[in-house]
Structure formats: structure tokens, C-alpha cells
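1. Provided below for reference: sequence and predicted model.
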Amino acid sequence: MKPTIWDVIIVGGGPAGRSAAIVLARCNRKVLVIDEGKYRNSRSQGIHNFITRDDMLPVDFAHSSAVELRKYGVRFKKARVENARSLKDKGFELLDNKGKEHLCRRILVATGVTDNIPNIPGMKELWGTSVFHCPFCDGWETRNKVIGVYSCHVCGYGMALTLRRLSDNVILFTNGGRNLSPKQRADLEANKVRVISTTINKLAHSKRKLRGVMLATGELVECDAIFTNEGNKVNAELLKQLNCNCTKNGAAITNKKQETSIPGVYVAGDASYDMHFVVLAAAEGVKAAVAIHNDLLKADITVL
Ligand SMILES: Cc1cc2nc3c(=O)[nH]c(=O)nc-3n(C[C@H](O)[C@H](O)[C@H](O)COP(=O)(O)OP(=O)(O)OC[C@H]3O[C@@H](n4cnc5c(N)ncnc54)[C@H](O)[C@@H]3O)c2cc1C
């Protein structure tokens, strides 16, 4: 039996991949989405900053988008793509972790990023419920509460001041880190942000709810939420295998149409170099899809 050659394989089925899929499918393209299913925001208690989708749970987003995509014939495969290689002008070959090969004419990499969650007991357990990385995404829900900012490797100054807009009670924990300049310390003091530099023992919690930050001295500093942004790692293995130009952090460098330095390889969402929001990931998916469709149209006219 002749193997299927998909017009497009989308690796990653988060908001970026799914938005691209719907545009391509509505252009009557044969689309396969291969997705491992570890969405970055899977622990989130509700999507924010996406108008008309306010508070929607990521699991509901995944469910309703899957229903819409199936309507247009998009196929899904739950797997991890381990390897991608270019077949020059014949497209691309992907190998998944179940040993299956997939062929396609164009690839969209929408693999997202993996957050660096601080290695302190309680951080991983509370991620997305009481520990957050982004004041824009989850700040409003913590307004007027006691908000902790954990910042060891970066200074946390901007994040603490952003959160001061939402609460009078913001505490910056540096866990022994000494990244604040004298001016930043003075600004924080002027804005009534308390700075605690003592080493942290753990986050005390019960039933997935933060109780406070336990210091190495045994003191419990009561807090309702912690914000921390210690960066992330782009899921860039496939981009590297395909030799795409990337930033130092591994994010793909693209042109305005989301195409990477390798013709036929596109990227959208957090794996690209712009800001990280659901609505932006979705928008980049749409941009990539239009460009891929036009690229395929051009290729087919040349063949005729
Ligand atoms: C706790 C939390 C809360 C957030 N809240 C908000 C919010 O309220 N509003 C907002 O706008 N943004 C929010 N974000 C950011 C948002 O989650 C991301 O911007 C968005 O998910 C990016 O979408 P994406 O499609 O690029 O990546 P993702 O949603 O992460 O999807 C990538 C998919 O690709 C899969 N994948 C990776 N590698 C492979 C591979 N090799 N093979 C197959 N599949 C692969 C992953 O398993 C995953 O399913 C939040 C993030 C976090 C961590």
C-alpha cells in the first residue's frame, strides 16, 4: 500500500497547532496533528486574556477544539515525534515514538516550551493552582491577597512591582539570591514590597492550596500565591534536527509568515520567539497556516 503523504503535519496540538489545523483543513488540505498532549497550561485553573474564552479550562479548550477540527477532517495521533528529516524537494519524514514513519510536504512545529519550575518542595505540586509564572495570566485572581514572588536567579523586581498593582501585600523571596541593585531595593521599599533573602525550606500547603513559605529558620511566612519566572526551555529538538536557525534560548527565528530558515518548516506558538499567550499562539498558527497553504499552491502551479 502506498504511504499517505500529508499536505501538512503539525507537531504539537496546543492552541498554535490546532488553530493552524482548522485554517488548513478549511482549505481542503490533508492535515495530521501529532501531539504528545503535555500542554503547557494543563494545570491552569482557567485561560485568561483570550476574549470570549475567559476562565475556560484548558481541558475544555482541547475538547471543543477537537470537536471543531474533526468536523473538517483533521486527523490526530497521540504520540511524540522523535525524529524529523528533510527529504529535500520531496518533503519531510517524521518518526514517532511508536516506531511509525509519517511523510508530509510541509511541517509546522508547534511544540511549545517547558517551564523551569524552581526545585523547591511544593513548587511542582502547586504549579498552576497556587504557583504561577505570569501576572498577566493569573494575577487578577490573586488580587488583594498576600502574594509572594520567588526570584532566585533573576531579580524579580519587575514582577513584584507589577503585582503591587493588584495587592498591597507583596513579598519578594530571593532564597539567598543577591541580584537586586541598591536602586531596585530602594524602589521596592518605597513601594512597600518586603524583601526576604533567607533561604527557603519548602512551600507549605494542603489540598493543593498554598499556606505559606517555610524559611530555613523554621519561620512560616503566610502567602496565598507565589509568582516565579525562572525561564523555560523551548521544545526545540525537531527544529535542531531540521537545522533551523534558533535564538540562544532555542526559539525558532522566522520571517513574518512563521517560516523558519529551512524552506517548508514553519513554527508557531511558544516555540517561536514572540510573547507567550494562548491567543498569540493561536494567531501565529493562523499566520503559518495561510503561508503554508499559499506555499503549497505555488508549488503545485509550478508542477502543472
Ligand atoms: C500555569 C500556566 C498558566 C497559563 N495561563 C495562561 C493564560 O491564562 N492565558 C494565556 O494566554 N496564556 C497562558 N499560559 C501560556 C500558554 O499556556 C501558552 O502560551 C500556550 O499554551 C502556547 O501554546 P502552544 O500551542 O505554543 O504550546 P502548548 O500549548 O504547550 O502545546 C504544545 C504541544 O506540543 C506537544 N509536543 C511537544 N513536543 C512534541 C513532540 N516532539 N511530538 C509531539 N508533540 C509534542 C506538547 O506535549 C504539547 O501538547 C499559561 C501557562 C502556564 C504554564
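-> Everything's here; your move. Everything numeric here is computed off the predicted structure, so don't read it as measured data.
2. Setting aside sequence neighbours, what's the nearest residue to the closest residue to the ligand within the stretch 101-250 of the chain?
-> Residue of the stretch 101-250 of the chain nearest the ligand, by CB to the nearest ligand atom: residue 112 (2.8 Å). C-beta here means a position set from N, CA and C on the backbone, and glycine is covered the same way. Nearest non-adjacent residue to residue 112, counting by CB to CB, 6 or more residues apart in numbering: residue 270, 4.4 Å away.
3. The one you found against residue 109, yeah?
-> No - the pair residue 270 / residue 109 is not scored as a contact, 11.0 Å apart, by CB atoms under 8 Å.
4. List the buried residues of the strand ranked longest in the chain.
-> Criterion DSSP state E: the longest strand present in the chain is strand 101-109. For strand 101-109, the neighbour count (16 or more other CB atoms under 10 Å) marks 102-109 as buried.
5. what does stretch 106-122 give?
-> For stretch 106-122, by 16+ other CB under 10 Å, it's 106-113, 115, 117-118, 120, 122.
6. Show me what from this protein comes close to the ligand.
-> 11-17, 34-41, 43-44, 47-50, 80-81, 110-112, 115, 128, 133, 137, 235, 238, 269-270, 276-279, 281 (CB under 6 Å from any ligand atom).
7. which residues touch residue 132?
-> Contacts for residue 132 (CB atoms under 8 Å, 6 or more residues apart in numbering) come out as 138-139, 142, 225-228.
8. about what we covered before: mind checking which of the residues of the chain next to the ligand are in strands?
-> 11, 34-35, 81, 115.
9. Residue 163 is in contact with residue 148, isn't it?
-> No - using CB under 8 Å, residue 163 is not in contact with residue 148; the gap is 9.3 Å.
10. Among the contacts of residue 132, which lie within helices?
-> Of the positions in those, residue 138 sit in helices, assigned by DSSP state H.
11. and which of the contacts of residue 132 is nearest residue 73?
-> residue 138 (35.9 Å; CB to CB).
12. For the closest one, which non-adjacent residue is spatially closest?
-> Residue 138 sits nearest to residue 132 (CB to CB, 6+ apart), 4.0 Å away.
13. could you pull out the strands for the stretch 51-200 of the chain?
-> In the stretch 51-200 of the chain, strands defined by DSSP state E, counting those that start in this stretch lie at 75-78, 81-86, 92-96, 101-109, 113-115, 131-132, 147-150, 170-173, 194-196, 200-206, listed in chain order.
14. Using CSV, please lay out those together with mean pLDDT.
-> Below are the strands of the stretch 51-200 of the chain laid out as CSV (pLDDT from 0 to 100):
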stretch, mean pLDDT
strand 75-78, 97
strand 81-86, 98
strand 92-96, 98
strand 101-109, 98
strand 113-115, 96
strand 131-132, 97
strand 147-150, 97
strand 170-173, 98
strand 194-196, 96
strand 200-206, 97
